[in-house]
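# just to be clear, the model below is a prediction. Sequence and coordinates:
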Amino acid sequence: MKTYKINILVLLTLLTVAFISCEDEGVKNDDNGNPSGPVVGKVTEIGVPLGEVETTIIGPSGGSFSTSDNRLRIDVPAGAFTSDQTLTVQPITNNNGPGKGLAYRLSPHSLTFSKPIKLTFSYTDEETSTTFAEALAIAYQDKYKVWQAIGISELDLINKTVSVYTTHFSDWSLFESFHIIPATSTVSLGETIELKVVGYFGEDLLVPLVAGEQAPITEPREASQYVKKWTLAGSGVLKSTGAKATYTAPNQVPTVNPVAVTAEVDLKHKGKYFLVRNLYIGQTGIYLKLDNNDFFHMEGEVRYIQDADLSMLTGGTILNGETRGIAIHWQGKISKQTFQWTSEFPLFNYNYQSRYMYLQYYYQEVSPGSLIITGYGDVGEYVTGTFYLEASGLLDSQVPAGGNPWPRKGKIEGFFKVRRSI
């Protein structure tokens, strides 16, 4: 098997054309290729490319291919292809409403398989912190721009993977079949918010889907039949009825931050599980803490630079006589997304004393963790989210000759609620 990378611009047009021609397994068409009835499910925009196209050649003997971020693995059994086939994979924005992380464009969409191939998504502990592994599912976007969910065929709790089998390529996404909304992670002092447990399938379908079952992803629906009770760990007041609950934050930043709101759900044949929403309590701005120190507050803002297709979160303050600042940059428009740290984008920089800065890597070792945008609005409205770096590297920009430019690693945790300025 041969594996290599090719330039995005070379294939972008071809991939777009291939997507339009992709056949859908779940909707019947008339003789003109139009849907014979109303399209069922939520229509969403097609994802925008966010990284390089990766390509591999697999022949009749079969083979496997994993993306460079180790997020997605494709296993092709022997006999699926009758000749050598060039397969391409590209990360794209995940416009699947309950989606987790990036989506992936698998091409060519017109390729048919003699045998089903296996698609395996890896997930992290962080991604199941608001749900549970049994509620994860995988979906593809059909030609009507509706995401079609497929019940997972294999769940590996040890290696943290979920798998499905398919006979076509499309745009694919990992997602939560139900969870607590809103996704916001930050609550202002004294603010009251409404929480709700929702699912994304028709009311007559079991959650999660059984293996191999297909269903269109809809607008979120209340999942009252599954919710047994709500609990609160931390400061504030929680009141609940069925699938809904209201949480009122304290008027001061609590010592234990975030607080945790939990909904116990009973999936009958699957057992009882817990959905958790961690809520950070604070005033408008950016909060950051290093290692086991306390959170400190910075004023901040977020903006989107259209010409560069670049979003940035920036803030700063003076603490103990030192100027401290933070800047986080990521590619694309401001939207609900989860970004894993890389050596490139998203970029993280927390600096102080003008010479020291914590980055998203240490030497060439990228820190585990992510940037999560949990809510966003137009110019003048709030953008909320969290960031976490398990092993951020401290760079000394003024190190003496022969000295160590990387004196230490640090764990960084933060959350923000800032206005969008551009």
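In hand now; what should we look at?
# return the distance of residue 98 relative to residue 376.
Here the criterion is C-beta to C-beta, to the nearest Å. By it, residue 98 lies 16 Å from residue 376. Glycine gets a C-beta too; all of them are placed from N, C-alpha and C.
# those two: who's more crowded?
residue 98 (26 against 19; other C-beta atoms under 10 Å).
# so for that one, what's the pLDDT?
pLDDT for residue 98: 90.
# now do the same contact list for residue 287.
Applying C-beta atoms under 8 Å, 6 or more residues apart in numbering, we find residue 287 in contact with 280, 295-298, 414-416.
# give me the buried entries from the residues you listed.
Among the contacts of residue 287, the ones that count as buried by 16 or more other C-beta atoms under 10 Å are 280, 295, 297-298, 414-416.
# on that earlier part again, same list (the contacts of residue 287) but as CSV, adding secondary structure and distance to residue 319.
Below are those laid out as CSV (DSSP: H, G, I helix; E, B strand; the rest coil; distance: C-beta to C-beta, whole Å):
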residue, secondary structure, distance to residue 319
280, strand, 19
295, coil, 11
296, strand, 6
297, strand, 9
298, strand, 9
414, strand, 14
415, strand, 17
416, strand, 17
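# tabulate those (CSV), appending distance to residue 264 and pLDDT.
Listed next are the contacts of residue 287 as CSV, based on distance: C-beta to C-beta, whole Å; pLDDT from 0 to 100:
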residue, distance to residue 264, pLDDT
280, 23, 97
295, 29, 96
296, 35, 96
297, 34, 97
298, 37, 98
414, 29, 97
415, 25, 97
416, 30, 98
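# including distance to residue 181, could these go into CSV?
What follows is the contacts of residue 287, written out as CSV (distance: C-beta to C-beta, whole Å):
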residue, distance to residue 181
280, 17
295, 25
296, 30
297, 27
298, 28
414, 23
415, 18
416, 20
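# between the residues you listed, which is closest to residue 272?
residue 280 (27.2 Å; C-beta to C-beta).
# distance-wise, check the residue nearest to the closest one when sequence neighbours are not counted relative to residue 297.
Of all residues not flanking residue 280 in the chain, residue 415 sits nearest, at 4.0 Å (C-beta to C-beta, 6 or more residues apart in numbering). Going from residue 415 to residue 297 by C-beta to C-beta gives 11 Å.
# joint contacts of these two?
Joint contacts of residue 415 and residue 297 (C-beta under 8 Å, 6+ apart) are 282, 286-287.
# does residue 394 sit in a helix, a strand or a coil?
Secondary structure state of residue 394, per DSSP: H, G, I helix; E, B strand; the rest coil, is strand.
# use 34 as the first number from now on
In the new numbering, first residue 34, that becomes residue 427.
# and residue 98, what element?
Applying DSSP states H and E as the criterion places residue 98 in strand 96-99.
# pull out the buried residues from that strand.
Within strand 96-99, the residues that count as buried by 16+ other C-beta under 10 Å are 96, 98-99.
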